[in-house]
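> Build the 3D model from these lines:
(one chain, ligands or ions: 1)
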Amino acid sequence: MSQLLKRLHRTGRRAREIIGSRIEGGAPCGTCGFEGKPLHRGVLWPGLVAEWELTPPWHRWMDEREGSRCAWCGSSLRSGQLAAAIVSAANRLCGSSATRLAALFRDPRARALAIAEINSAGNLHRYLARCAGLRFSEFGSTAPAVPSQDLMQLSYADASFDLVITSDTLEHVPDIDRALRETCRVLKPGGMHVFSVPVVWDRPTRQRATLNDGVLVHLLPPSHHGAPQEGKTDFLVFNEVGGDFVARCSAAGFEVELLRDAVNPALVTFIAQRPSSAIRDSVGSVGSV
Ligand SMILES: [Zn+2]
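Next up is the predicted model:
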């Protein structure tokens with residue numbers, strides 16, 4: 001009986017949160033479309049804020065980015081914006097007209113897209129899994145059905161995908177420029193790498209660690225992402241990304257578009273497109289023969 005009471009209590013609390021959020025109102029969630037004020041709980045811990053040297057405004061913005069969640073589906077603001085960017089990119093690539101990720105793959109043209117989800121994009125994975133052309137991998141996976149991909153050396157052939165998705169992953173890769181060149185390589189011309197990465201825009205990228213001939217070298221004290229309260233601090237930060245990052249994406253071969261939030265500068269999603277000029281050039285050369 002106590003289990004039943006606990007379940008009823010949780011259900012009642014969730015219903016009150018959803019109704020309260022809906023009454024206060026807000027922008028539509030990119031994942032599920034729910035329009036409500038996000039629920040917030042602080043997620044950054046003092047040690048990380050100190051290592052990252054976040055000023056009070058950047059602490060608040062980064063905390064909202066990760067800690068504010070859709071009352072209906074639970075997407076963080078970051079994941080909701082990533083979902084909106086995926087939908088925007090897919091609509092452009094295949095002609096679909098979805099307004100939220102939860103509805104995107106009802107369209108057979110979207111289901112036919114070739115998508116690489118390099119690491120699980122949080123609660124977006126359950127929707128991405130509806131795409132017949134999804135190739136899913138997970139960081140450090142040991143499950144035979146779910147391979148692990150090294151972003152610096154992807155196992156995929158050139159020009160394999162319409163979309164590549166990474167979700168707060170690039171900061172954990174030893175050579176971030178090589179990783180960007182790799183995602184560009186596996187994209188078809190015109191394909192897009194849609195990703196989130198935490199960026200502090202008013203300072204340059206700072207490298208905290210590197211690999212020298214396969215040996216880990218710390219340039220600054222080790223800093224990890226994860227959830228220390230759950231004992232998960234296994235994601236070493238190699239780079240704290242800064243305002244030079246768009247130029248680094250361009251140097252890797254991408255044309256970059258940013259999806260920004262009107263209020264929070266930490267809430268940004270990258271839509272990095274592999275130029276399609278190669279297609280136009282080849283068509284032109286065929287036509288001129
Ligand atoms: Zn939602």
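> Could you use CA atoms for every contact and neighbour count after this?
OK.
> The closest residue in space to residue 118 that isn't next to it in sequence - how many residues pack around it?
The shortest distance from residue 118 to any non-neighbouring residue, by Cα to Cα, 6 or more residues apart in numbering, is to residue 137 (5.2 Å). A count of nearby residues for residue 137, using other Cα atoms under 10 Å, gives 19.
> How about residue 138?
Neighbours of residue 138 using other Cα under 10 Å come to 17.
> name the element it belongs to?
Residue 138 belongs to no helix or strand when assigned by DSSP states H and E.
> where in the stretch 151-289 of the chain is pLDDT low?
Residues of the stretch 151-289 of the chain meeting the criterion pLDDT under 70: 227-233, 278-289.
> quick one, what contacts the residue nearest to residue 68 when sequence neighbours are not counted?
Computed as Cα to Cα, 6+ apart, the closest residue to residue 68 that is not its neighbour in sequence is residue 40, at 4.2 Å. Counting by Cα atoms under 8 Å, 6 or more residues apart in numbering, residue 40 touches 64, 67, 68, 69.
> Type out the ChimeraX command that picks the buried ones from those residues.
The following ChimeraX line selects those of the contacts of residue 40 that are buried, judged by 16 or more other Cα atoms under 10 Å:
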select :64,67,68,69
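> And the contacts of residue 40, which is closest to the ion?
Within these, proximity to the ion (Cα to the ion) peaks at residue 69, which comes in at 7.8 Å.
> quick one: the residue nearest to the closest one when sequence neighbours are not counted from residue 49, how far?
Spatial nearest neighbour of residue 69, excluding adjacent residues (Cα to Cα, 6+ apart): residue 76 at 4.2 Å. Distance, residue 76 to residue 49, by Cα to Cα, to the nearest Å: 19 Å.
> what does residue 213 give?
For residue 213, the distance to residue 49 equals 30 Å [Cα to Cα].
> neighbour-wise, which of those two wins?
residue 49 (17 against 6).
> correct me, but that one touches residue 60?
No. With contact defined as Cα atoms under 8 Å, residue 49 does not reach residue 60; the gap is 10.3 Å.
> And the strands in the stretch 101-250 of the chain?
Counting by DSSP state E, counting those that start in this stretch, the stretch 101-250 of the chain has strands at residues 115-117, 134-136, 161-167, 187-196, 199-200, 206-207, 209-212, 215-218, 224-227, 232-236, 239-242.
> Next one: the nearest residue to residue 184 once chain neighbours are set aside relative to the ion, how far apart?
Distance criterion Cα to Cα, 6+ apart; nearest residue to residue 184, sequence neighbours excluded, is residue 274 at 6.0 Å. Using Cα to the ion, to the nearest Å, one gets 29 Å for the distance from residue 274 to the ion.
> likewise residue 50?
Taken as Cα to the ion, the span from residue 50 to the ion is 31 Å.
> got a pLDDT number for residue 120?
Per-residue pLDDT puts residue 120 at 87.
> show me what contacts it?
Residue 120 makes contact with 136, 137, 138, 166, 167 under the criterion Cα under 8 Å, 6+ apart.
> Please name the residues that touch the second one.
Shown in contact with residue 137 (Cα under 8 Å, 6+ apart): 116, 117, 118, 119, 120, 146, 147, 148, 149.
> I'd like the residues you listed laid out as JSON lines, including distance to residue 80.
Output for the contacts of residue 137, formatted as JSON lines (distance: Cα to Cα, whole Å):
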{"residue": "116", "distance to residue 80": "19"}
{"residue": "117", "distance to residue 80": "16"}
{"residue": "118", "distance to residue 80": "18"}
{"residue": "119", "distance to residue 80": "16"}
{"residue": "120", "distance to residue 80": "14"}
{"residue": "146", "distance to residue 80": "24"}
{"residue": "147", "distance to residue 80": "26"}
{"residue": "148", "distance to residue 80": "25"}
{"residue": "149", "distance to residue 80": "24"}
